[in-house]
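Novice: Below are the sequence and a predicted model for it; my questions follow.
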Amino acid sequence: MGYDVPEGVDIRGRYDPEFSKILTRNALQFVTDLQREFRNHIKYAMECRREAKMRYNNGGLPGFDPATKYIREGEWVCAPVPQAVADRRVEITGPVERKMIINALNSGAKVFMADFEDALSPSWENLMKGHVNLRDAVSRTITFHDQARNKVYKLNDETAKLFVRPRGWHLPEAHIFIDGEPATGCLVDFGLYFFHNYANFRKAQGQGFGPFFYLPKMEHSREGRIWNNVFERAERWAGIEKGSIRATVLIETLPAVFQMNEILYELRDHSVGLNCGRWDYIFSYVKTFQGHPDRLLPDRVQVGMAQHFMRSYSDLLIHTCHKRGVHAMGGMAAQIPIRDDPAANQAALELIRKDKLREVKAGHDGTWAAHPGLIPACMDVFTNNMVNAPNQIHSMKRQDASELIEEDLLQSPRGVRTMEGLRLNTRVGIQYLAAWLTGAGSVPLYNLMEDAATAEISRVQNWQWLKYGAELNGDGLGVKVNLDLFGRVVEEEMARIEREVGKEKFKKGMYKEACNLFTGQCTTPVLDDFLTLDAYNNIVMYHRIESSRL
Ligand SMILES: CC(=O)SCCNC(=O)CCNC(=O)[C@H](O)C(C)(C)COP(=O)(O)OP(=O)(O)OC[C@H]1O[C@@H](n2cnc3c(N)ncnc32)[C@H](O)[C@@H]1OP(=O)(O)O
Ligand SMILES: O=CC(=O)O
Ligand SMILES: [Mg+2]
């Protein structure tokens, strides 16, 4: 058996009758048309990213573009926010797993962001099952039987509004070849989801609008323009009104903070705001300044929203969104419920409340929660601090933030570096990668949520400290990070991981492979752009079957 593919398409992933209902000839034709129309634009945008990287590596700094001052200073607004998504006080996020989708839609959150990105390991199985699950969720037929607990999951009458986050522009889909090249991952994610669901979604969820998306990891408004053109192309194909599709863009790269107006402008007919993707943003700070030894980060735990550059980013995002009439969404606190320790659980909840209170008082219109158990606390904070309105778009203009300048957004974070920081990065990075290689893209580690974005911080921070021989200045020991020290740390942390997870799990898991990958990435002379891009080859599984052309 093989997939029925259009001319020029080769499916190299496993055949499954369920997957073939997603990978229909017409759906693949839709994805192929997108790929053919936009591939050169995407290649050009990636080339521009490489050029910008060279500029920063040669000492340049990201900043506002004088050529687009007219957009930043112009009086324009985005299309009005659809009623269906006016209230986004709490949004839950999670990978596109069947049980989690049902739990998230039933969670009481206003929105569920179903994730093909930071929270998902993009194996063929995960991706294709994800599409099956989303199709069933949108048509409301989704159920799940937990055999072990003999529990059946199904949707409540009232559910969260569904947003879908496709992968970033940089990731290929190696199981689908189009005209001899791997397809662009995000066009596959977007195309298959849109093709199968736009009609049901608009009827059931969108009140005439939709589908809704989150767009990750952009660095420049030209990437937003490609998305806008993809949306218009899809709307024309479906025969639905321009502006039906709506998307929230994550501002989670340092270059993009200087492009917020420009990104909204490109997407002004399709925008429902911006979101503070704080974890990737920290990763991007290190990546952007990989050639700047004067900008070494302190320990990861010290780089929070209270740092001047992080607060400035969130304040400017709120001001920009509200000036343009759309939502300014807050980000993810990494704490998750701690079941076996009530005092620690209380402390984690307190940290979350504090973070959410800062967000709502700053003017954010909603926030993210990683776990259903956190929704009541987050909802309380937002409800109690937003006066009788579904959002603060028109009441919190944050005019003061318009004074923020480039130095505010680039200011180096304050704090110290410690041996424990190096150790924690190492054991978290390795354990996360070990999970990712075996199919889990978001995991609980040491009572925190870890996903691709948080793991990236561990990787690039180790790389930066090694590259520049950073002094661990918070221990009082004056030790400098070098290959010898790192080698010992890796050995000791691997032993600790083995003790913690147990010999059996350690042996069966992919800890050694993860360790090789992670240490290779931390010690490479030239920083890899993305952890998951390098690791992706390890999860590509080709099944050589002939694709039939009927
Ligand atoms: C930086 C960023 O990009 S953030 C966005 C990307 N990251 C994410 O989306 C992370 C989402 N969160 C998660 O994946 C999970 O909460 C984890 C991995 C952090 C923790 O997972 P676990 O330890 O398995 O959670 P736990 O055992 O407490 O789960 C309890 C119940 O809540 C459910 N649950 C936990 N998190 C979620 C979620 N995000 N969405 C839906 N249901 C969830 C579980 O399915 C489980 O359901 P059950 O009782 O019916 O079996
Ligand atoms: O995607 C969110 C982030 O914080 O990264
Ligand atoms: Mg992210």
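Specialist: Nice, I can see it. Residues are numbered from 1 along each chain as shown. Ligands and ions are numbered 1, 2, ... in the order given.

Novice: And for residue 239, the neighbour number?
Specialist: 6 (other CB atoms under 10 Å). Using the backbone N, CA and C atoms, a C-beta is placed for each residue, glycine as well.

Novice: let me redo that: residue 388
Specialist: Residue 388: 5 surrounding residues under other CB under 10 Å.

Novice: Can you list the buried residues in whatever helix or strand residue 495 lives in?
Specialist: Following DSSP states H and E, one finds residue 495 within helix 483-501. With burial defined by 16 or more other CB atoms under 10 Å, the residues of helix 483-501 counted as buried are 485-486, 489-490, 493-494, 497, 501.

Novice: got it, and stretch 145-157?
Specialist: 153, 155.

Novice: Show me which of the buried residues of helix 483-501 is closest to residue 302.
Specialist: Using CB to CB, residue 489 is the member of the buried residues of helix 483-501 that lies nearest residue 302, at 19.0 Å.

Novice: Around ligand 3, which positions in the protein sit nearby?
Specialist: Contacts of the chain with ligand 3, taken as CB under 5 Å from the ion, map to 118, 252, 277, 280, 453.

Novice: Could you report the pLDDT at residue 204?
Specialist: Looking at residue 204, its pLDDT is 89.

Novice: Show the contacting residues for it.
Specialist: Contacts for residue 204 (CB atoms under 8 Å, 6 or more residues apart in numbering) come out as 138-140.

Novice: Residue 261 and ligand 1, how far apart?
Specialist: Residue 261 is 24 Å from ligand 1, where distance means CB to the nearest ligand atom, to the nearest Å.

Novice: Mind telling me what element the single nearest residue of the stretch 451-550 of the chain relative to ligand 3 is part of?
Specialist: In the stretch 451-550 of the chain, the residue that lies nearest ligand 3 is residue 453 (4.0 Å; CB to the ion). Taking DSSP H and E as the definition, residue 453 sits inside helix 452-467.

Novice: Centre of the chain to that helix, how far?
Specialist: Mean C-alpha position of helix 452-467 versus that of the full chain (CA atoms, centre = their mean, to the nearest Å) differs by 17 Å.

Novice: Tell me how many other residues crowd residue 236.
Specialist: When neighbours are counted by other CB under 10 Å, residue 236 comes out with 10.

Novice: what about it, which helix or strand?
Specialist: With DSSP H and E as criterion, residue 236 is part of helix 221-238.

Novice: Same question for that helix: list its buried residues.
Specialist: 221-228, 230-231, 234-235, 238.

Novice: got it, and stretch 431-449?
Specialist: Quick answer for stretch 431-449 (16+ other CB under 10 Å): 431-437, 440-443, 445, 447-449.

Novice: circling back to that earlier point, what's the following helix or strand after the helix holding residue 495?
Specialist: helix 503-508.

Novice: how about that next one: buried residues?
Specialist: For helix 503-508, a neighbour-count test (16+ other CB under 10 Å) marks residue 506 as buried.

Novice: Just the residues contacting that helix, thanks.
Specialist: So helix 503-508 is contacted by 497-498 (CB under 8 Å, 6+ apart).

Novice: Relative to the whole chain's centre, how far out is it?
Specialist: On CA atoms, centre = their mean, the centre of helix 503-508 falls 30 Å from the chain's centre.

Novice: who in the stretch 151-300 of the chain is up against ligand 1?
Specialist: When proximity is defined as CB under 6 Å from any ligand atom, the stretch 151-300 of the chain approaches ligand 1 at residue 279.

Novice: What pLDDT is listed against the residue lying closest to residue 83 once chain neighbours are set aside?
Specialist: Excluding its sequence neighbours, the residue lying closest to residue 83 (CB to CB, 6 or more residues apart in numbering) is residue 207, at 6.0 Å. We have a pLDDT of 86 for residue 207.

Novice: Show the contacting residues for residue 207.
Specialist: Contacts of residue 207 (CB under 8 Å, 6+ apart): 82-84.

Novice: Kindly report the same for residue 427.
Specialist: 493, 496-497.

Novice: before we move on, could you check phi and psi at it?
Specialist: In terms of degrees, to the nearest 10, the main-chain angles of residue 427 are phi -80, psi -30.

Novice: how close does it get to residue 228?
Specialist: Separation of residue 427 from residue 228 (CB to CB, to the nearest Å) stands at 42 Å.

Novice: just to revisit the earlier point, CSV please, covering the buried residues of helix 221-238 and showing pLDDT.
Specialist: As requested, the buried residues of helix 221-238 are exported to CSV (pLDDT from 0 to 100):
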residue, pLDDT
221, 98
222, 98
223, 98
224, 98
225, 98
226, 99
227, 99
228, 98
230, 99
231, 98
234, 98
235, 98
238, 98
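
Novice: Please identify the one among these that lies nearest to ligand 3.
Specialist: residue 223 (14.7 Å).

Novice: The closest one and residue 169 touch, don't they?
Specialist: Yes - in terms of CB atoms under 8 Å, residue 223 counts as a neighbour of residue 169; the distance is 6.0 Å.

Novice: Between those two, which contacts overlap?
Specialist: residue 45.

Novice: Tell me if residue 183 really is in a helix.
Specialist: No - counting by DSSP: H, G, I helix; E, B strand; the rest coil, residue 183 falls outside a helix, being strand.

Novice: In the stretch 351-500 of the chain, mark out all the strands, start to finish.
Specialist: Per DSSP state E, counting those that start in this stretch, the stretch 351-500 of the chain carries strands over the ranges 366-369, 443-445, 448-450.

Novice: just so I know, which of the ones you listed lies nearest residue 542?
Specialist: The nearest among these, by CB to CB, is strand 443-445 at 26.6 Å.

Novice: Which elements pack onto that closest one?
Specialist: helix 419-437, strand 448-450 (3 or more CB pairs under 8 Å, 6 or more residues apart in numbering; DSSP states H and E).

Novice: anything in the last one near ligand 1?
Specialist: Yes - in this structure, strand 448-450 sits against ligand 1 according to CB under 6 Å from any ligand atom; the contacting residues are residue 449.

Novice: what's the answer for the longest one, then?
Specialist: No - using CB under 6 Å from any ligand atom, helix 419-437 stays clear of ligand 1, coming no nearer than 9.1 Å.

Novice: Helices - which of the contacts of residue 204 land there?
Specialist: residue 138 (DSSP state H).

Novice: Of the contacts of residue 204 - the most surrounded one?
Specialist: Among the contacts of residue 204, the one with the most neighbours (other CB under 10 Å) is residue 138, at 24 neighbours.

Novice: Next up, the contacts around that residue.
Specialist: Contact analysis of residue 138 by CB under 8 Å, 6+ apart lists 162, 196-197, 200-201, 204-205.

Novice: What of residue 335?
Specialist: 348-349, 351-352, 374, 447-449.

Novice: between those residues, which is closest to residue 328?
Specialist: residue 352 (19.1 Å).

Novice: ok, back up a step: tell me which strands and helices the helix holding residue 495 is in contact with?
Specialist: Going by 3+ CB pairs under 8 Å, 6+ apart, helix 483-501 lies up against helix 419-437, helix 452-467, helix 511-523.

Novice: wait, which of these is closest to residue 337?
Specialist: Among the helices and strands packed on helix 483-501, if distance is taken as CB to CB, the winner is helix 452-467, at 17.4 Å.

Novice: Let me see the mean pLDDT of the closest one.
Specialist: Helix 452-467 shows a mean pLDDT of 98.

Novice: what's the angle from that helix to helix 419-437?
Specialist: 130 degrees (axes from the mean of the first three to the mean of the last three CA atoms, to 10 degrees).

Novice: from the stretch 101-250 of the chain, which residue is nearest to ligand 2?
Specialist: Closest contact between the stretch 101-250 of the chain and ligand 2, by CB to the nearest ligand atom, is at residue 118 (4.9 Å).

Novice: check contacts around that residue.
Specialist: 165, 216, 279-280, 441-442, 451-453.

Novice: among the residues you listed, which ones are buried?
Specialist: By neighbour count, with 16+ other CB under 10 Å, the contacts of residue 118 hold 165, 216, 279-280, 441-442, 451-453 as buried.
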